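Student: Pasting the sequence and the predicted model now:
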Amino acid sequence: MNDVIVFSGEAHRGLAQEICDHMGIPLSPAIFRRFSNDCQYVQLLESCREQDVYIVQPLVPPVQDNLMQLLLMLDAARGASAIRRTAVIPYFAYARSDKKDAPRISIAGRLVADLLATAGADRVLTMTLHSEQVHGFFSMPVDHLNALRVLAEHFRKMPLENVVVVSPDLGNAKAAAAFASLLGISVAAGRKRRVSDTKVTIDTIVGDVQGKDAIVMDDEIANGGSVMELLQRLREKGVRRFWIACTHGLFSHGALDRLGAEDGVEQIVATNTIPAPSPGHPKLVTLSIGRLIAEAIQRIHTGRSVSELFGGPS
């Protein structure tokens, strides 16, 4: 791995360092500052000439600042003659803007994908996009990882005889079914209708949940509205104990405290694609995806299959 260089933006340096530790290479330094007119300044402090460069930067709040920082780093690596530039974006926030569902709006997920290409990204490595069609927005190769095996390894440590995996909506049901299959248990899903960015309704549960315990599994939890609504519907079906699991634990506007205070919630499990908002929260368990991303980078660099990490074809 001597010709691999990893840089980190300011969004999640801890994850970038963990990735480098698993790979046995140093995290290369960079300088970040702002000019007096608020424009950002980035300087990479390691030679990139003829190197395979990976830039780690999840699009976490402040999203616009972190996106601009990533674009500047990609452009700097291209100008420094890096032989390949891969944007490692564990959390691609604009994946939620994936369709034109109102007049005169931007499909921002596609726009950001175009900006990454313009800035110099040759490849994108990301995790658990909000919807599959976002993959098609990118004009360069995309390695789309998922955290299902990382999450499943955690839940295998608990008794699962009377447990069902429940997705808040049918759109996430495929991933929930794959997760349930890894655990050897059944799956159910809510039928959700989004009223606004912060309000949803779930009018029915598809699948047998009566009297069981539930692992509520979603790709991302922001304000927690979908999960809170689902917990209420599950209680009406006799469910009394809950574990909440997601890949991206954004937990905005106090969502972690609200979910933790819900009756019957035993544990809230998320990965570290996003820095933990409250590392000492008594019900929060944060699982690392650092080793998974490190292995993916090593496979990309050496031309091996990434899908083999998930039991796919070589």
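Tutor: Received, thanks.
Student: roughly how far out does stretch 142-150 sit from the chain middle?
Tutor: Centroid separation for stretch 142-150 versus its chain: 9 Å, with CA atoms, centre = their mean, to the nearest Å.
Student: buried sites along that stretch?
Tutor: Buried positions in stretch 142-150, judged by neighbour count with 16 or more other CB atoms under 10 Å: 142-148, 150. Backbone N, C-alpha and C define where each C-beta goes, glycine included.
Student: And stretch 281-292, by the same measure?
Tutor: 281, 283-284, 287-290, 292.
Student: circling back to that earlier point, can you list the buried residues of stretch 142-150 in TSV and add pLDDT and distance to V163?
Tutor: TSV is the format used below for the buried residues of stretch 142-150 (pLDDT from 0 to 100; distance: CB to CB, whole Å):
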residue	pLDDT	distance to V163
V142	97	33
D143	97	31
H144	96	28
L145	97	25
N146	96	21
A147	97	19
L148	97	16
V150	97	18
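Student: With secondary structure and distance to A180 added, can I get the residues you listed in TSV?
Tutor: What follows is the buried residues of stretch 142-150, written out as TSV (DSSP: H, G, I helix; E, B strand; the rest coil; distance: CB to CB, whole Å):
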residue	secondary structure	distance to A180
V142	strand	26
D143	strand	25
H144	strand	20
L145	strand	19
N146	coil	14
A147	coil	15
L148	helix	10
V150	helix	15
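Student: Pick the one among those closest to I202.
Tutor: For the buried residues of stretch 142-150, the closest approach to I202 (CB to CB) belongs to L148, at 22.6 Å.
Student: quick one: the helices in this structure?
Tutor: Listed in chain order, the helices of the chain (DSSP state H) span 13-23, 63-79, 108-119, 148-155, 173-183, 225-236, 255-260, 290-302.
Student: now the ones you listed as CSV including distance to F242?
Tutor: Below are these laid out as CSV (distance: least, CB to CB, whole Å):
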stretch, distance to F242
helix 13-23, 27
helix 63-79, 29
helix 108-119, 31
helix 148-155, 13
helix 173-183, 14
helix 225-236, 6
helix 255-260, 9
helix 290-302, 26
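Student: Could you list the low-confidence segments of the protein?
Tutor: 1, 194-199, 312-314 (pLDDT under 70).
Student: Can you pull the domain assignment for it?
Tutor: 4-146+290-310, 148-287 (automatic domain parsing).
Student: Quick check: end-to-end length of the first one?
Tutor: Terminal residues of domain 4-146+290-310 are spaced 24 Å apart (CA to CA, to the nearest Å).
Student: from the chain's centre, how far out does it sit?
Tutor: For domain 4-146+290-310, the distance to the chain centre is 12 Å (CA atoms, centre = their mean).
Student: shouldn't V134 be in contact with A95?
Tutor: Yes. With contact defined as CB atoms under 8 Å, V134 reaches A95; the gap is 4.6 Å.
Student: Now the common contact residues for those two.
Tutor: Common neighbours of V134 and A95, counting by CB atoms under 8 Å, 6 or more residues apart in numbering, are G109.
Student: Switch the buried residues of stretch 142-150 over to CSV; also include distance to P159.
Tutor: CSV is the format used below for the buried residues of stretch 142-150 (distance: CB to CB, whole Å):
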residue, distance to P159
V142, 38
D143, 35
H144, 32
L145, 29
N146, 25
A147, 22
L148, 20
V150, 20
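Student: farthest-separated two in those residues?
Tutor: The largest separation in those, counting by CB to CB, is between V142 and V150 at 19.7 Å.
Student: Pull the residues that contact stretch 31-44.
Tutor: Contacts for stretch 31-44 (CB under 8 Å, 6+ apart): 7, 9-10, 28, 30, 45, 65, 68-69, 72-73, 76-77, 80.
Student: Next, count neighbours for D75.
Tutor: Neighbour count of D75, defined by other CB atoms under 10 Å: 16.
Student: May I have the residues that are in contact with it?
Tutor: 119-120.
Student: Can you tell me which of the helices of the chain is nearest to T271?
Tutor: Per CB to CB, nearest to T271 of the helices of the chain: helix 148-155, 6.2 Å.
Student: follow-up on the earlier one: what is the nearest of the buried residues of stretch 281-292 to E266?
Tutor: Using CB to CB, K283 is the member of the buried residues of stretch 281-292 that lies nearest E266, at 7.5 Å.
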